[in-house]
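# quick one, what's the 3D model for this:
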Amino acid sequence: MSDERETSMIVIKTLDVEGHSPIQRAPWPLPAQEVDGSWTPGDWMVSAHVADGRTVINTKAVNACRPMVYGTLPDQVAEWIAARAWIMELDDAVVGATKVGGSRGRLLRPVEGWTRDVLARWACWCVDRAIHVHAVAALRSAGLTEVADQLDAMPPIVDETSAWDAWAAGSSAGDAAWDAWAAGSSAGDAARAAWAAWAAGSAARAA
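Predicted coordinates for the structure are as follows:
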């Protein structure tokens with residue numbers, strides 16, 4: 001990947017409900033909505049490390065999480081799910097594998113439709129796919145047909161109750177898969193898939 005730098009790029013920034021970045025916990029100046037419904041951008045967040053030359057923005061530095069201002073492209077945002085999402089202007093932007101880094105950034109306006117309900121439904125979709133696609137396939141490939149059939153027979157995961165069921169079922173499947181793996185079978189992938197389903201069910205309940 002070349003280190004082509006864009007003077008200014010529109011990206012997404014995800015933050016918690018209080019406007020803090022998920023990892024660095026830095027508070028971001030939030031945009032203000034005007035009476036007419038328009039938005040006034042928040043103040044610029046400037047990277048001191050980039051400004052004084054301690055960090056040079058390139059793809060390698062972005063992938064290594066060197067100190068700078070970060071955002072994400074739409075097809076990268078699943079790596080950075082948080083309670084709030086904002087459209088962000090990012091200067092001197094360079095695209096990395098899972099994020100975009102730049103010298104300074106500011107929030108322009110909220111991402112429309114990014115709500116708690118949408119996030120919860122998306123989480124349930126992820127759990128459903130983890131259960132009915134990945135965990136079931138891995139368990140069957142490892143010869144754990146009975147456990148795979150139990151998971152495959154589960155109804156779609158669409159709400160907190162079914163996410164709880166997925167959490168419990170994933171835990172049971174994980175126990176069976178790990179027992180088989182410890183006994184010398186080729187159930188390692190199945191175990192990991194089942195535990196992933198268990199964790200996903202737990203995450204969906206918290207969404």
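
# can you map out the strands along the chain?
In the chain, the strands defined using DSSP state E lie at 6-15, 32-33, 39-40, 45-46, 69-71, 84-95, 100-102, 104-110.

# residues in a beta bridge with the closest residue to residue 46 other than its chain neighbours, which ones?
Counting by Cβ to Cβ, 6 or more residues apart in numbering, residue 104 is the residue found nearest to residue 46 once chain neighbours are left out, at 4.3 Å. For every residue, glycine as well, the C-beta is placed using N, CA and C. Beta-bridge pairing for residue 104 (DSSP bridges): residue 46, residue 91.

# going by mean pLDDT, which of the strands of the chain comes out lowest?
Mean pLDDT is lowest for strand 6-15 among the strands of the chain, at a mean of 88.

# could I get it in PDB with only the CA atoms?
Extracted C-alpha coordinates of strand 6-15, given in PDB (Å, rounded to 0.1, in the frame of the first residue of the first chain):
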ATOM      1  CA  GLU A   6      -4.800  13.300   1.400                       C
ATOM      2  CA  THR A   7      -4.900  17.000   2.400                       C
ATOM      3  CA  SER A   8      -8.400  16.400   3.900                       C
ATOM      4  CA  MET A   9     -10.500  13.300   4.100                       C
ATOM      5  CA  ILE A  10     -14.000  12.700   5.500                       C
ATOM      6  CA  VAL A  11     -14.000   9.600   7.700                       C
ATOM      7  CA  ILE A  12     -15.900   8.300  10.700                       C
ATOM      8  CA  LYS A  13     -14.900   8.700  14.400                       C
ATOM      9  CA  THR A  14     -16.500   6.400  17.000                       C
ATOM     10  CA  LEU A  15     -16.700   7.600  20.600                       C
END
